[in-house]
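1. Build me a model:
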Amino acid sequence: MVRVKKLTLYKYILNEIWPTFMASLIVFIFIVLAATMLNLSEWIVNHGVPPLSIAKIILCLLPGLLLFALPASTLIAVFVAFLRLSVDNEIQAIKTSGIGLYQLLPPVILFSGVTFFVSCSISFIAAPLGNRSFKNLVFQTAYSKADMGIKEGVFCEPFQGVTFYVNSFSVRDRTMSDIFLVDTRDPSVTNSIVAKEGKIFANPKSRIIQVQFQDGIVFATDKNLDAARTIKFSTYDLSVDTDDLMPAISSRTLDPNEMFIQDLISKLRTTPRSEMRYNEMVMELMEKFSIPLAVFLMGMIGAPLGAQIRAGGRFLGIVISLLIFLIYYLFLAGMRSLGESGTLPPYVGAWLPVLFLLASGLFLMKRAEEERSLDVLGRILRVQDK
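-> Numbers count the residues shown, from 1 in each chain. Have a look, this model is predicted:
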């Protein structure tokens, strides 16, 4: 009979947790996607990138967004659920029936365990696959729209080693006017081109981009400035291979966040420890395990924290949860920066945020065991009354 009552209680707690979790997860993803869409909308409006390509890019970004949102959503869901039970004195009533806080943890452990395994799946497989697919999609999109990196009135480098300045640029027919270009791809010669007009032609099949200039002059200068020559032309063609296309995205040297665990381990064996890339890969490898563990600990922190607050409602719970997540995220970003730069050993930097959460969880559990409340709202109101 007692076991049936406990199962009913566990189902009741889970029913308090999961709706808040789903709602907060959707809100988090929507907010981040909205910010991302502000940048992607420029591709649609200014460069005519098909909406289907944008949808594919967003789909590739979703695993990373989920991994970012899961810690906060898990904490909010558990914290708000136990805060509601505490404010309505349901936890107090449960305690009077002989059930302590520790006996309320099985549904929290189950829920946090599920989010932990989901986070592991995303961290190990979905996130690197999504990041890799995102890089490939952006490259393909940029290649089909080779003029994406060219902007009017500013110096820009749409192709590696080729700097453009154009007075006006028509996206529709890919024509430029009043052009100044510096080509430094040849290690021995720098070519500077001044032309009245130019047009970009892209051929995906041959993987060659051609820029055709009209009515201009080429100034060719040796790197050591020993010799120079001037060539006047009516038509001049500049060819660009895919290796030179938009260097920030065309480089197919995989970033650490595009690598699976086996890739990272393999690369670490051949990368010198003195290189920053080594530290970046170590941080990425460690975070594949530490971030899912942080998701689990967020859920475990939410239960004792929510149970100890006697006043407030869902809004207070969401605010406190976001503050805790913000502290954790800033801590994570700071440790990542220190670890990648080598200021702090990356093996240490990746785990310090998790140790912070673990220490916080043990502290809150101890307070809950001693039934010492965190009457945050009451203290704030008392200070305002004074």
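2. Now stretch 344-358: buried residues?
-> With burial defined by 16 or more other C-beta atoms under 10 Å, the residues of stretch 344-358 counted as buried are 344, 346, 349-354, 356-358. Every C-beta, even on glycine, is put in place using the N, C-alpha and C of the backbone.
3. I122 and L67 touch, don't they?
-> Yes. The pair I122 / L67 is scored as a contact, 4.9 Å apart, by C-beta atoms under 8 Å.
4. With respect to D226, which of the buried residues of stretch 344-358 is nearest?
-> P346 (46.6 Å; C-beta to C-beta).
5. Not counting its own residues, what contacts stretch 230-238?
-> Residues outside stretch 230-238 that contact it (C-beta atoms under 8 Å, 6 or more residues apart in numbering) are 162, 181, 183, 193, 195, 210-220.
6. Repeat the analysis, applying 7 Å as the threshold.
-> 183, 193, 210-220 (C-beta atoms under 7 Å, 6 or more residues apart in numbering).
7. related to what we said a few turns ago, between I122 and L67, which one's more packed in?
-> Of the pair I122 and L67, I122 is the one with more neighbours under other C-beta atoms under 10 Å, namely 24 against 21.
8. Distance of the more buried one relative to P128?
-> Applying C-beta to C-beta, to the nearest Å, the value for I122 to P128 is 10 Å.
9. so who does V114 touch?
-> Taking C-beta under 7 Å, 6+ apart, one finds nothing in contact with V114.
10. In terms of helices and strands, where is it?
-> Using DSSP states H and E, V114 maps to helix 105-121.
11. Now do the same contact list for the most centrally placed residue in the chain.
-> Geometric centre of the chain, nearest residue: G64, 5.6 Å, by C-alpha atoms, centre = their mean. Residues near G64 by C-beta under 7 Å, 6+ apart: 127, 130-131.
12. switch the cut-off to 8 Å
-> Taking C-beta under 8 Å, 6+ apart as the contact definition, G64 lies against 127, 130-131, 257.
13. Which parts of the stretch 101-250 of the chain are helices?
-> Secondary structure of the stretch 101-250 of the chain by DSSP state H, counting those that start in this stretch: the helices cover 105-121, 127-144, 247-250.
14. Now tabulate these in TSV and tack on distance to S24 and mean pLDDT.
-> TSV is the format used below for those (distance: least, C-beta to C-beta, whole Å; pLDDT from 0 to 100):
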stretch	distance to S24	mean pLDDT
helix 105-121	12	96
helix 127-144	20	78
helix 247-250	32	45
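15. Including distance to V166, could those go into TSV?
-> Output for the helices of the stretch 101-250 of the chain, formatted as TSV (distance: least, C-beta to C-beta, whole Å):
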stretch	distance to V166
helix 105-121	46
helix 127-144	18
helix 247-250	19
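16. wait, which of those helices is closest to A294?
-> helix 105-121 (8.4 Å).
17. Just the buried residues of that closest one, please?
-> Neighbour counts over helix 105-121 (16+ other C-beta under 10 Å) mark 105, 107-108, 111-112, 115-116, 118-120 as buried.
18. Provide a list of residue ranges in the stretch 51-200 of the chain with pLDDT below threshold.
-> 139-149 (pLDDT under 70).
19. Can you give me the distance of I324 to W351?
-> In this view, I324 and W351 are 18 Å apart by C-beta to C-beta.
20. before we move on, the earlier item: to which secondary structure element is the residue nearest to the centre of the chain assigned?
-> helix 51-87.
21. what does K267 give?
-> If you go by DSSP H and E, K267 is part of helix 261-270.
22. Please verify my assumption that E157 contacts Y165.
-> No. E157 sits out of contact with Y165 when judged by C-beta under 8 Å, with a separation of 10.6 Å.
23. on that earlier part again, looking at the helices of the stretch 101-250 of the chain, which is closest to A303?
-> Nearest to A303, of all the helices of the stretch 101-250 of the chain, is helix 105-121, at 4.8 Å by C-beta to C-beta.
24. Domain-wise, how is this protein divided?
-> Domains of the chain are assigned by automatic domain parsing as 2-143+256-372, 156-244.
25. what's the most buried one of these?
-> Stretch with highest mean neighbour count among those: domain 2-143+256-372 (a mean of 18; mean count of other C-beta atoms under 10 Å).
26. mind checking how far it is from the chain centre?
-> Its chain's C-alpha centre and that of domain 2-143+256-372 lie 12 Å apart, by C-alpha atoms, centre = their mean, to the nearest Å.
27. one step back: against which helices or strands is the helix holding K267 packed?
-> Contact here means 3 or more C-beta pairs under 8 Å, 6 or more residues apart in numbering; DSSP states H and E; on that basis helix 261-270 packs against helix 276-308.
28. mean confidence score for the helix it packs on?
-> Here helix 276-308 scores 93 as its mean pLDDT.
29. now it and helix 105-121, what's the angle there?
-> Note on geometry: by axes from the mean of the first three to the mean of the last three C-alpha atoms, to 10 degrees, helix 276-308 and helix 105-121 are set 160 degrees apart in direction.
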